[in-house]
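**Student:** Sequence and predicted structure, then a few things I'm wondering about:
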Amino acid sequence: MFNSKVLSLDIGSKNTKIVLGSQSKKNVIIEKAITMPTPAGCYNDGNILDITKFKSEILDVLQKENIKCKNIIITSKSTTVITRDIDIPVAKKEDMDAIIKFQMERYLPIMFDDYIMQYKILEEFEDEGVKQAKITVVVYPKIMAEGYYNLVKELKGNAVALDISSNSINKLFTYDIKVNDENYSLEDTVAVIDLGYDFINVNIISAGNVQFTRIINYGGSHIDIDIAKQLSISEEEAELQKIEGCNLERESSGDMQNSTVNDIVKAQVRNWIQEIERMLNYYKTKEQGNKVDKIYIYGGSSNIKGVETFIKDVLNLPVTKIKSLSNVNCSKIVDKSKADPFKVDSSNVDGELSKYLNAMGAIIRLR
């Protein structure tokens, strides 16, 4: 599947991102990047609720864009996907499988027959003369995986892979790269944070691997709801107010409505920061020597004006919104309809890239 074109779908509660691209060695070549609204009532916390309606909406977009690629990758996030790190003795693969299953069954009160379990060895080390492996384990609900598989089949596609967003973003940070034309080194420990609509996904990456990942139940939707209530407007209008009237670097405004919006956004973002800080502190105290050098933010809510500086000032850490990655090549994107708000404007790829990183990273298949 390497070097061949794939269609990568990043399914979210508000929008679904569709990216057509291919992998070329360590790079991703992007040809199209489109956002479509996730149809109401079709999706909730990782589960597809109305496959017929969802399929129909996706097919309409693919037909309109003349996309015929049938190799499909899906990436998503859900609070029901469990990720844990454990240390176990190094053994033969079948023995390690059994040890990991036994360990996870001890810690998690779930019916394991209802879940798919996968793991990745992060590193091997010695402890009192015994060779140990540090492993990250992902436990994924079977019913959710079946929903995605059925969606691919309804789209008459070939299911290439099912990914989770923490792994998708990790693959973009597997090698030394440039982020916004500045060097990122594998020696750095960075928090790569997806500021989404319903959720915030905190991923701590060190030495090319996700060492820690958690989902926080906050996002842009909470801001929209608060603005809508306060100003007695619809959530759609509230979102526009958030985008156009808010600037977190601004102390006050002569416009009463803009000041109200700013205050609401600041209050919510402070909640985000409080939870993010709790996660970072937990990671730092988990193991001696753990640190976080820098924060990268991406996702739809990273477009809130001034959010980088606001987070930086509170956490006292460098914070950068991802605008470009040296291993993502968007030069093939041709946008004939710049008026369409759901397509990447080829002249403003940097401004749009942040929304599509999960879908772009999912295209990478590590050998």
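**Tutor:** Yep, that arrived. Numbering: from 1, shown residues only.
**Student:** Which element, helix or strand, includes the residue lying closest to Cys246 once chain neighbours are set aside?
**Tutor:** Spatially, and ignoring its direct neighbours in sequence, Cys246 is nearest to Val265 (4.8 Å; CB to CB, 6 or more residues apart in numbering). The way it works is simple: take the backbone N, C-alpha and C, and place the C-beta from them, glycine included. For Val265, the element it lies in under DSSP states H and E is helix 256-286.
**Student:** what helices or strands is the helix or strand following that helix leaning on?
**Tutor:** Counting by DSSP H and E, the next helix or strand C-terminal to helix 256-286 is strand 294-298. Contacts defined by 3 or more CB pairs under 8 Å, 6 or more residues apart in numbering; DSSP states H and E place strand 294-298 against strand 189-195, helix 307-315, strand 319-321.
**Student:** what about Glu237, how many neighbours?
**Tutor:** Neighbour count for Glu237, taken as other CB atoms under 10 Å: 14.
**Student:** In contact with the closest residue in space to it that isn't next to it in sequence, which residues?
**Tutor:** Closest residue in space to Glu237, ignoring its immediate chain neighbours: Ala228 at 7.3 Å, by CB to CB, 6+ apart. If you count contacts by CB atoms under 8 Å, 6 or more residues apart in numbering, Ala228 has them with Ser234, Glu235, Glu237, Ala238.
**Student:** distance of the third one from Asn247?
**Tutor:** When you say that, I think you mean Glu237. 18 Å (CB to CB, to the nearest Å).
**Student:** just the first one next, same as before
**Tutor:** When distance is defined by CB to CB, Ser234 is 22 Å away from Asn247.
**Student:** quick one: low-confidence parts of the stretch 251-367 of the chain?
**Tutor:** The stretch 251-367 of the chain contains residues with pLDDT under 70 at 252-255, 334-351, 367.
**Student:** Tell me how far the residue most central in space within the chain lies from Asn27.
**Tutor:** Relative to the mean C-alpha position of the chain, the nearest C-alpha, by CA atoms, centre = their mean, is the one of Ser165, at 4.1 Å. Ser165 sits 20 Å away from Asn27, going by CB to CB.
**Student:** How is the protein divided into domains?
**Tutor:** Listed by automatic domain parsing, the domain ranges of the chain are 6-77+143-179+323-362, 82-141, 180-322.
**Student:** what separates the longest one from the chain centre, distance-wise?
**Tutor:** Mean-position distance between domain 6-77+143-179+323-362 and its chain equals 11 Å (CA atoms, centre = their mean, to the nearest Å).
**Student:** can you check stretch 240-251 too?
**Tutor:** With CA atoms, centre = their mean, you get 24 Å for stretch 240-251.
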